[in-house]
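Undergrad: when you get a sec, could you give me coordinates for this:
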Amino acid sequence: MGHEKTAPLKSRFALLIRLAAAIALGSVFGLAMRAAGFSLPVRVTATFNALFKEFLDYSVPLLVLGYVTSGIAGLGKGAGRALASTVLLSALMLCAAGTAAFWCARLTLPSLLPAGVQLSQFEAGGAEKVTALFKIGFPPIMDGMSATLTAFILGAGISTTGHSGLRSAAAGLEKIVDLLVRRVIVPCLPFYVFGIFAALAFSGAVFKVISAFSGVSALIIVLQSSLLLFEYSAAGAVTGKSPLLLMGNALPVYVAALGTQSSSAVIPVSKSCAVRNGVSEEMASFLCPLCASNYLPGSMITLTVGAVAILTLKNGTMPAFADVLPFILRLVLVVIVAPGVPGGAVTAALGLFQTQLGFDAGMLGLLTALDIAQDSFESACNASSDGAAAIFLEALLKRGKKQGNAA
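TA: Numbering: from 1, shown residues only. The predicted structure is shown next:
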């Protein structure tokens with residue numbers, strides 16, 4: 001009996017344990033290769049990382065198509081209104097989360113970042129010194145926004161026509177992408193983390209990174225926890241239920257995401273927790289998969305705080321809000337279409353950091369390392385937020401329907 005109870009917990013935290021081991025082993029491996037003056041093994045890991053990143057970029061639209069199409073197809077009538085409400089609320093909340101994260105970072109980072117540390121001391125996290133042996137491009141079949149629109153058209157069409165064959169095809173596609181996440185992306189993640197920290201160690205920057213960003217990671221976790229309290233308080237206000245009761249019912253999805261580091265991988269748990277909190281089975285089947293891909297406030301907080309921290313290290317001064325606001329608004333769009341898989345948001349946003357904030361390869365390496373280091377809490381925040389959004393949205397939609405019927 002005891003074994004049956006502990007096995008699921010071990011399974012949920014298996015990835016977390018492997019990632020911690022990957023960080024430690026990658027650091028030791030990089031330091032050993034640095035001491036031996038032998039760069040080839042580290043370049044091999046960098047080659048794997050380059051290929052894996054290309055593959056993840058290619059997989060993003062497939063994940064959106066698989067999860068969101070099936071979710072909309074199963075909703076039935078009212079899918080359009082529900083989708084519009086979900087995306088609008090997601091955009092507003094992500095914008096608010098990013099703005100709040102900026103101001104909190106601006107107020108607290110001066111005391112959290114080590115005095116006198118400059119970005120040049122990190123040597124770009126090893127990204128400029130360690131290059132891949134070769135690269136192969138895997139162009140995505142479409143970008144994330146196109147995938148979201150396509151998923152809506154297909155899902156709404158299947159829901160309207162009731163075509164059983166297309167409905168089965170959508171369900172089959174969802175199973176395929178779920179297998180892709182669980183059998184390919186998640187198992188490869190520890191090797192990806194190993195390569196990142198091997199490069200950091202080989203450049204001699206790994207301990208500087210850990211020391212400089214420990215306070216930043218703590219700030220991010222505090223902000224994410226505060227966000228969850230706010231979200232479930234809002235959900236409790238519109239439903240008349242205790243926020244603490246709602247959060248208690250959502251605890252399983254938080255723990256599951258903490259171990260799997262993926263809001264998409266824990267969609268079944270998210271759905272069951274939402275139903276336990278009073279969300280209908282139909283709405284939970286639609287909103288939880290959609291929010292797993294389109295509502296990632298934990299990622300928004302991480303990326304915003306990370307941007308402020310790295311810009312401060314680079315320039316020696318805090319960036320002005322007017323300079324960062326355009327980036328935050330564009331980041332909202334990127335996060336909405338980012339996949340809820342390990343490293344999905346930071347991978348989708350790397351191009352924006354380059355074009356909008358002028359991040360070079362080394363700064364992107366630091367950002368990725370920061371994101372990976374606290375990705376468990378980021379994913380737990382994302383997945384738990386889905387349940388709060390589902391509660392809040394269904395309550396609003398029911399109120400709107402009652403008012404429409406009364407009119």
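
Undergrad: isn't A373 right up against V216?
TA: No. Contact criterion CB atoms under 8 Å: A373 and V216 do not qualify, at 9.4 Å. C-betas here are computed from N, CA, C, even on glycine.

Undergrad: how far does the host helix or strand of G351 sit from the chain's center?
TA: Per DSSP states H and E, G351 falls inside helix 344-357. What separates the centre of helix 344-357 from the centre of its chain is 13 Å, taken as CA atoms, centre = their mean, to the nearest Å.

Undergrad: show me what it is packed against.
TA: helix 40-73, helix 297-315, helix 321-337, helix 361-373 (3 or more CB pairs under 8 Å, 6 or more residues apart in numbering; DSSP states H and E).

Undergrad: export it as PDB, just CAs?
TA: Only the C-alpha atoms of helix 344-357 are listed here, as PDB (Å, rounded to 0.1, in the frame of the first residue of the first chain):
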ATOM      1  CA  GLY A 344       8.700  26.200 -24.700                       C
ATOM      2  CA  ALA A 345       8.200  29.900 -23.800                       C
ATOM      3  CA  VAL A 346      11.800  30.900 -23.600                       C
ATOM      4  CA  THR A 347      12.500  29.100 -26.900                       C
ATOM      5  CA  ALA A 348       9.600  30.900 -28.600                       C
ATOM      6  CA  ALA A 349      10.800  34.200 -27.200                       C
ATOM      7  CA  LEU A 350      14.500  34.100 -28.100                       C
ATOM      8  CA  GLY A 351      14.000  35.900 -31.400                       C
ATOM      9  CA  LEU A 352      12.100  38.700 -29.700                       C
ATOM     10  CA  PHE A 353      14.900  39.200 -27.200                       C
ATOM     11  CA  GLN A 354      17.300  39.500 -30.100                       C
ATOM     12  CA  THR A 355      15.300  41.900 -32.200                       C
ATOM     13  CA  GLN A 356      13.600  44.000 -29.500                       C
ATOM     14  CA  LEU A 357      16.300  44.200 -26.700                       C
END
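
Undergrad: buried stuff in it?
TA: Using 16 or more other CB atoms under 10 Å as the test for burial, helix 344-357 gives G344, A345, V346, T347, A348, A349, L350, L352, F353, Q356, L357.

Undergrad: what does that helix contact?
TA: With CB atoms under 8 Å, 6 or more residues apart in numbering as the test, helix 344-357 has contacts from 53, 56-57, 60, 63, 144, 264, 296, 299-300, 302-303, 307, 311, 326-327, 330-331, 334-335, 337-339, 359-360, 363-364, 367-368, 371-372, 378.

Undergrad: any chance of a ChimeraX selection covering the buried ones in the residues you listed?
TA: Of the contacts of helix 344-357, the buried ones can be selected in ChimeraX as follows, counting by 16+ other CB under 10 Å:
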select :53,56,57,60,63,144,264,296,299,300,302,303,307,311,327,331,334,335,337,338,339,359,363,364,367,368,371,372,378
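
Undergrad: if we can go back for a sec, next, the angle helix 297-315 makes with the helix holding G351.
TA: 40 degrees (axes from the mean of the first three to the mean of the last three CA atoms, to 10 degrees).

Undergrad: and helix 344-357 with helix 321-337, angle?
TA: Using the same axes, to 10 degrees: helix 344-357 against helix 321-337 is 150 degrees.

Undergrad: got the angle for helix 344-357 vs helix 40-73?
TA: Going by the same axes, to 10 degrees, helix 344-357 makes 100 degrees with helix 40-73.

Undergrad: helix 344-357 versus helix 361-373: what angle between them?
TA: Going by the same axes, to 10 degrees, helix 344-357 makes 150 degrees with helix 361-373.

Undergrad: ok so, going back, dump the buried residues of helix 344-357 to a markdown table, plus pLDDT.
TA: Compiled in a markdown table, those are given as follows (pLDDT from 0 to 100):
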| residue | pLDDT |
| --- | --- |
| G344 | 70 |
| A345 | 77 |
| V346 | 80 |
| T347 | 72 |
| A348 | 72 |
| A349 | 80 |
| L350 | 76 |
| L352 | 80 |
| F353 | 85 |
| Q356 | 83 |
| L357 | 86 |
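
Undergrad: turn those residues into JSON lines, columns for distance to P139.
TA: Converted to JSON lines, the buried residues of helix 344-357 look like this (distance: CB to CB, whole Å):
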{"residue": "G344", "distance to P139": "18"}
{"residue": "A345", "distance to P139": "21"}
{"residue": "V346", "distance to P139": "20"}
{"residue": "T347", "distance to P139": "15"}
{"residue": "A348", "distance to P139": "15"}
{"residue": "A349", "distance to P139": "19"}
{"residue": "L350", "distance to P139": "16"}
{"residue": "L352", "distance to P139": "18"}
{"residue": "F353", "distance to P139": "20"}
{"residue": "Q356", "distance to P139": "22"}
{"residue": "L357", "distance to P139": "25"}
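
Undergrad: nearest to G26, of these?
TA: Nearest to G26 out of those is V346 (CB to CB; 17.4 Å).

Undergrad: follow-up on the earlier one: closest one to Q224 out of the buried residues of helix 344-357, please.
TA: A345 (13.0 Å).

Undergrad: state the pLDDT value of the spatially closest residue to that closest one that is not a sequence neighbour.
TA: Take A345 and drop its neighbours on the chain: the residue closest to it by CB to CB, 6 or more residues apart in numbering is S299, 3.5 Å away. Here, the pLDDT recorded for S299 equals 90.
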